[in-house]
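**Q** Predicted model and sequence below, questions to follow.
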Amino acid sequence: MNILKLFSKILVANRGEIALRIIRACRELGIKTVAIFSEADRDALHTRFADEGICIGPANPLQSYLNIPAIISAAEVSDCEAIHPGYGFLAENPEFAEVCEASGIVFIGPRSEHIKLMGNKIQARNLAVRAGVPIPPGGVEGVSDPELALQGAKQLGFPVIIKAAAGGGGRGIRVVHSEASFRTSFSMAQSEASSSFNNPEVYVEKFIESPRHVEIQILADNDGKVIYLGERDCSIQRRYQKLLEEAPSPAVSVELRERMGEAAANLTREAGYVNAGTVEFLLDKEGSFYFMEMNTRIQVEHPVTEMVTGVDLVKEQIRISAGHPLGFKQDDIRIQGHAIECRINAEDPDNHRPSPGTISFYYAPGGPGIRVDSAAFESYYITPHYDSMIAKLVAHGRDREEALARMQRALEEFVIEGVKTTIPLHQRILSTMKFRKGEYGTDFLEELKK
Amino acid sequence: MDIKEIREILKLLERYGVQDFTLQRGDDRIRVRKGGFVEGPAQVRFREVPVAETPAPAVPTAVAGPGPAAPAMAADQLPVGENQFLVTSPIVGTFYRAPSPESPPYVEVGSTVSKGTVLCIVEAMKIMNEIECEVTGKISTILVENAQPVEYSQPLFIVDLA
């Protein structure tokens, strides 16, 4: 297996903690790295920790981290063989993957056709049907006529959810509880889809009430071998933005894990998908699960899976892209203990608004079972140009109880001064009975506010 | 000239290691150039990570090992006088002083330039971008070697304003 060569140099097309995460994986694999950075990130950690750094544009991400020609040019002048896109920015942009392919640079991720396929929720739903994976009751076609859509909604029975075909990040989504508000919600979803994704196509499906958001991590190699690495429970979210994740899910039994894992693997096989991916499901109170979408990138919350499986997902992505077969079988994957991740964002815990500013003091927790993925440091300036995440705090323990205790201890140790953070909110979540018992759904945070 | 013939020509050029080749036959003209304008296998290494630009870094500055670095100078570190203008690169790419290896450079130290004068080329994704002067004056310093990679906002020329 070691006869196959890995890359000698990779360009990291991202910033922040995920850029560091990729640089760390490369360093362990003996691969040189090139960081790209905007003028605002001249002193950022990814710029300093990479072997080389290239300034590719001004602070505005449209002219830097989203600037495809500048990034490709940077890869060419620095002789990089591959580009890792991280998450966000260009990670799920099929055009970027296509330009990489055309320029002879390996895109570390799936092929552009699969990014495109999964980017369209209606096509992805149809794929799930072909793979025998359950989807929420509803249309497998887009609708543009509000009257036709209303007819469909009545057949499904309210509440229903209207979603943008090209959707993502919670935009273009409307939950409708009754016929009265359907028409307004429908046209709002259409115009939001149109303005956010340049595609007004929407579809209607049955709204699953207070479900859990449970996703399966997949790795697939070029030989068609597909392995699932258990689930992550990402139900703690607000406005469809995840805030806290854990693995395994308190609601998933060994038997259910196997069924969901097999379903995710079947979908991956049906698509002919290669590299790391995540199949998202809604899990209802009766233990039925429904396919939601497939994310074709490394996820923010990937560390919880790494902690309980011992598999380094970023290294696996690189190996697969270099043509290596997976070095393990499904039976080799064992879920060891429990892991929780808290996203520490720079934001006002009361109104959830981003709180940019300079970190005047920074102390990251440590000790047994604690992992901190962060690009922050003392005197670091959190600019309003990029996302507000300061750190991902991950706690691992023998069981859920120990992981919880470690997380609470680490949240107390974490000192970030100068900006407001989500640390107090996490402490509140962790202290509730509902969370401690593991009995929560996607409506948990809304309930907590009341 | 058809594709088959061109393929044959390319094979021959590869076999004899020809770097630059032009063939004109009637109205047909073909030019083959290997490896852009770079003569010989130039080992291009981009700038080393910036060193100590923050006054009090709470983190180690670069874990990277030393390399044959050619650190690009930041615009504010250059001795640019009041009557001078700094031309910086608008894009990431490879800097060329001339349109082809055998042509003379667009400008030399002492050349008179005005608004619209082409100063150099920055090649990005196989596209030759001509960089034009925005001021009138005289080239005082050329800060980058031919065929060297440049990054966004990297200083290229200092112009004495007229």
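**A** Received the coordinates, thanks.

**Q** domain parsing for chain B?
**A** Residue ranges for each domain of chain B read B:3-33, B:75-161, as given by automatic domain parsing.

**Q** Is the last one in proximity to chain A?
**A** Yes. Interface with chain A: domain B:75-161 contributes B:91, B:92, B:93, B:94, B:124, B:125, B:149, B:150, B:151, B:152, B:153, B:154 (CB under 8 Å from any CB of the partner chain). Placement of C-beta: from N, CA and C, glycine included.

**Q** okay, now the closest residue to chain B within the stretch 251-400 of chain A: neighbour count?
**A** Closest contact between the stretch 251-400 of chain A and chain B, by CB to the nearest CB, is at residue A:378 (3.8 Å). Applying the criterion other CB atoms under 10 Å in any protein chain shown, we find 17 residues in the vicinity of residue A:378.

**Q** Confirm that it sits in a helix.
**A** No. According to DSSP: H, G, I helix; E, B strand; the rest coil, the state of residue A:378 is coil, so it is not within a helix.

**Q** what are the phi and psi angles of it?
**A** Comment: the main-chain dihedrals of residue A:378 come out as phi -60, psi 130, following degrees, to the nearest 10.

**Q** Taking the residues of domain B:75-161 next to chain A, tell me the two that lie furthest apart.
**A** Across the residues of domain B:75-161 next to chain A, the two members that end up farthest from each other (CB to CB) are B:125 and B:153, 18.6 Å apart.

**Q** on that earlier part again, just checking, which of the residues of domain B:75-161 next to chain A comes out lowest on pLDDT?
**A** The lowest pLDDT within these belongs to residue B:125, with 85.

**Q** surely it meets residue A:103?
**A** Yes. The pair residue B:125 and residue A:103 passes the contact test of CB atoms under 8 Å, sitting 7.1 Å apart.

**Q** what's the overlap in contacts for the two?
**A** Counting by CB atoms under 8 Å, 6 or more residues apart in numbering or on different chains, the residues touching both residue B:125 and residue A:103 are A:72, A:76.

**Q** Give the residue spans of chain B that score low on pLDDT.
**A** Flagging of chain B using pLDDT under 70 yields the residue ranges B:1, B:15, B:33-76.

**Q** if we can go back for a sec, tell me which of residue B:125 and residue A:103 has more neighbours.
**A** Taking other CB under 10 Å, residue B:125 and residue A:103 do not tie; residue B:125 has more neighbours (19 against 15).

**Q** Near chain B, which residues of the stretch 101-250 of chain A are found?
**A** residue A:103.

**Q** And the helices in the stretch 101-250 of chain A?
**A** For the stretch 101-250 of chain A, the helices defined by DSSP state H, counting those that start in this stretch occupy A:112-119, A:121-130, A:146-156, A:182-197.

**Q** Output the residues of domain B:75-161 next to chain A as TSV; include the columns secondary structure.
**A** Output for the residues of domain B:75-161 next to chain A, formatted as TSV (three-state DSSP):
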residue	secondary structure
B:91	coil
B:92	coil
B:93	strand
B:94	strand
B:124	strand
B:125	coil
B:149	strand
B:150	strand
B:151	coil
B:152	coil
B:153	coil
B:154	coil
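
**Q** which among those residues gets closest to residue A:291?
**A** Scanning the residues of domain B:75-161 next to chain A for proximity to residue A:291, where the rule is CB to CB, the winner is residue B:125, at 38.1 Å.

**Q** any idea how far residue B:117 lies from residue B:97?
**A** Spatial separation of residue B:117 from residue B:97 under the definition CB to CB, to the nearest Å is 13 Å.

**Q** Which neighbours do those two have in common?
**A** Taking CB under 8 Å, 6+ apart as the contact rule, the neighbours common to residue B:117 and residue B:97 are B:106, B:107.

**Q** can you tell me the helix or strand for the spatially most central residue of chain B?
**A** Among the residues of chain B, residue B:95 comes closest to the average C-alpha position under CA atoms, centre = their mean, at 0.6 Å. With elements taken from DSSP states H and E, the one containing residue B:95 is strand B:93-96.

**Q** what packs against that strand?
**A** Under the contact criterion of 3 or more CB pairs under 8 Å, 6 or more residues apart in numbering or on different chains; DSSP states H and E, the helices and strands touching strand B:93-96 comprise helix A:68-77, strand B:118-124, strand B:148-150.

**Q** I appreciate the help and will end here.
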